[in-house]
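>>> I would like to see how this sequence folds:
(2 chains)
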Amino acid sequence: AQTVTQSQPEMSVQEAETVTLSCTYDTSESDYYLFWYKQPPSRQMILVIRQEAYKQQNATENRFSVNFQKAAKSFSLKISDSQLGDAAMYFCAYRSSTSGTYKYIFGTGTRLKVLA
Amino acid sequence: DTEVTQTPKHLVMGMTNKKSLKCEQHMGHRAMYWYKQKAKKPPELMFVYSYEKLSINESVPSRFSPECPNSSLLNLHLHALQPEDSALYLCASSPTLRLAGGSSVVVEQYFGPGTRLTVT
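Below is the predicted model of the structure:
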């Protein structure tokens, strides 16, 4: 069975600085998807970034980028130029690419605080 | 329209009440999900509908009853709930890609804002 581990329950970053959130996972599959979701205090879960395992290039979305290390089963999220609006709970998630698979495996989350 | 909507935003119900949660999306997504989320925890999957058919039931108690009347709408009927059922209930949807041979693949999920349920 697949597992996702986020070892940092809470992180803090100064506004305008860079922070990296860690995520490791365990799977025996070779093809899968990885995601970072953000859930601000207002509750709505928002997709931040996604990575296909077959792609070697790291995904980027504006100030958000990932460091995907397939062999190490690591998928960290880097937030550059942190803003107050980045304060949220961040969940790492895994999904198999097997046809007919609908289940997402979530990590336990990292609460990010942004200090003014 | 690129969003998932959920009603009501908040719901307080007694243990003998019957109520329903509603979820709607008009993005043409054919996979829809119900999750339960406790404070500071990740979402826990409850049900998945694919093409209006129940695909996954994660051993959820029968006091929760899902329904998918059409491809845009997902309901969760609640009856005789317990105080420990108090939580944020999230709905999500995913686009599906049909593959040759009839199978399908889903990728990312889009979440609604949730319904905060309190059982008294």
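
>>> Counting by contacts, list what the lowest-mean-pLDDT helix or strand in chain A packs against.
Least confident element among the helices and strands of chain A, by mean pLDDT, DSSP states H and E: strand A:60-61 (a mean of 91). Where contact means 3 or more Cβ pairs under 8 Å, 6 or more residues apart in numbering or on different chains; DSSP states H and E, strand A:60-61 is packed against strand A:46-52. The way it works is simple: take the backbone N, C-alpha and C, and place the C-beta from them, glycine included.

>>> Would you mark the buried spots in the strand it packs on?
Taking 16 or more other Cβ atoms under 10 Å in any protein chain shown as the basis for neighbour counts, the residues of strand A:46-52 that come out buried are A:Leu47, A:Val48, A:Ile49, A:Arg50, A:Gln51.

>>> before we move on, back to that, give the partner strands of the least confident helix or strand of chain A in its sheet and their orientations.
Looking at strand A:60-61 with DSSP bridges, its partner strands are strand A:64-69 (antiparallel).

>>> which residue is nearest the centroid of the chain?
Let's take chain A. Among the residues of chain A, the one closest to the centroid is A:Trp36, at 3.1 Å (Cα atoms, centre = their mean).

>>> was after chain B, sorry
The central residue of chain B, meaning the one whose C-alpha is nearest the mean C-alpha position (Cα atoms, centre = their mean), is B:Trp34 at 2.3 Å.

>>> Can you tell me the element it falls in?
Following DSSP states H and E, the helix or strand that holds B:Trp34 is strand B:31-37.

>>> Alpha carbons of that strand, as PDB, please.
Output for strand B:31-37, consisting of C-alpha atoms alone and laid out as PDB, is shown next (Å, rounded to 0.1, in the frame of the first residue of the first chain):
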ATOM      1  CA  ALA B  31     -15.800  11.600 -10.900                       C
ATOM      2  CA  MET B  32     -17.200  13.100  -7.700                       C
ATOM      3  CA  TYR B  33     -16.100  12.500  -4.100                       C
ATOM      4  CA  TRP B  34     -17.200  13.000  -0.500                       C
ATOM      5  CA  TYR B  35     -14.600  13.500   2.200                       C
ATOM      6  CA  LYS B  36     -14.800  14.000   5.900                       C
ATOM      7  CA  GLN B  37     -12.200  16.200   7.500                       C
END
